[in-house]
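> Predicted model follows, preceded by the sequence.
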Amino acid sequence: MAGAGVEPVARRAEVLDRLRTERASPAPIDSLSLQEAYAIQYEAIQHRSARGEQHTGWKVGCTSRAIQTAFGLAQPIRGHLMAPHVHVSGATLNIDDYVDCAVEPEFALLIGTSVSGVGLDPHRLRAAIDGVAPAIEIHNHHFFGDRPSSQELIASNGLHAGVVVGKVQPLADDIDLDLEGIGCFVNGVLVASGIGAEIMGGVLRSVGWLVGDLTLNGLQLEAGEWVIPGSPVDLVPIREGDTVETKVTSFGTCRARFAR
């Protein structure tokens, strides 16, 4: 994956990683293939790992047909969740750590059994989930290229900047994730809401896509990893002083405050 014919991959990876930490402007990358964009993502993650960050799971992005069409994509994208950017509910976060901070309410799925394969049965995918928690995904909602592109979206790890995770609860047999309501509240006001079925037609469809995509790239979803499968709502911009909450019908509340 690391070769991918990008000239030079390592330099572009450094630029994208510097973009995250120093807000530098990268060279245009919208002429790259999606494979090359993933190669840059991989290199940037390797650089972060070398500095002591740890891979803790995966995000699925661009799960709606409208967003895929806007970026010229035929399927979702994936990115890495990295510690120490996985926070516990109740955290106060420095808004200056983010570029054009925006959030999405998410389901956080804790994987209990390693799983791989393409086109897996939904029952097998559900059985691999050990628990569910409400979550807030944080984004650096800013493109540094001349225009928004799928290549920069992928190379910059899906604009992912972190995730706040609430209390994990078991996925009971009588809970249908697709019917679970999920809402985003800012300063106590509901600003966006949806249900699980609005994520690719079903939460497990998103998980299945991720497992299949990892399998095709020689990887698997590992026990102990988190998965955030996408959100049924649009990004919500956040300002200094805002308190954000994700509420999920059967799984409670996750909260974070953004201060300076």
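Sure, I can see it.
> How is A192 assigned, secondary-structure-wise?
Recorded secondary structure, A192: strand (DSSP: H, G, I helix; E, B strand; the rest coil).
> So what pairs up with it in the strands?
C184 (DSSP bridges).
> Okay, now the unreliable bits of the stretch 101-250 of the chain?
Nowhere does the stretch 101-250 of the chain drop to pLDDT under 70.
> for it, what spans make up the strands?
101-111, 129-140, 160-165, 181-186, 189-195, 226-228, 236-237, 243-248 (DSSP state E, counting those that start in this stretch).
> Which strand or helix spans the residue most central in space within the chain?
In the chain, the centroid-proximal residue (C-alpha atoms, centre = their mean) is K59; its distance is 3.2 Å. Using DSSP states H and E, K59 sits within strand 54-61.
> Which residues does stretch 44-60 contact?
2, 13-14, 16-17, 20, 76-86, 111, 137, 155-158, 160, 163, 206-207, 209-210, 214, 221, 225-230 (C-beta atoms under 8 Å, 6 or more residues apart in numbering). C-beta here means a position set from N, CA and C on the backbone, and glycine is covered the same way.
> Buried deepest among the strands of the stretch 101-250 of the chain, which one?
Highest mean neighbour count of these: strand 101-111, a mean of 25 (counted as mean count of other C-beta atoms under 10 Å).
> Quick one: list the elements packing against that strand.
In terms of contacts (3 or more C-beta pairs under 8 Å, 6 or more residues apart in numbering; DSSP states H and E), strand 101-111 is packed against strand 129-140, strand 160-165, strand 181-186, helix 203-216, strand 226-228, strand 236-237, strand 243-248.
> In TSV: the ones you listed, plus distance to E43.
Putting the helices and strands packed on strand 101-111 into TSV (distance: least, C-beta to C-beta, whole Å) gives the following:
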stretch	distance to E43
strand 129-140	18
strand 160-165	16
strand 181-186	33
helix 203-216	18
strand 226-228	22
strand 236-237	30
strand 243-248	31
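> Quick one: closest of these to D30.
strand 129-140 (17.9 Å; C-beta to C-beta).
> So for stretch 138-154, what gets flagged as buried?
138-141, 143-145, 149-154 (16 or more other C-beta atoms under 10 Å).
> neighbouring contacts of it?
With C-beta under 8 Å, 6+ apart, stretch 138-154 has contacts from 19-20, 24-26, 28-32, 34, 36-38, 40-41, 61-62, 71-73, 77, 79, 93, 98-104, 156, 159-164, 235, 237.
> For the biggest helix by length in the chain, buried residues please.
Identified as the longest helix of the chain according to DSSP state H is helix 34-50. Using 16+ other C-beta under 10 Å as the test for burial, helix 34-50 gives 34, 36-45, 47-48.
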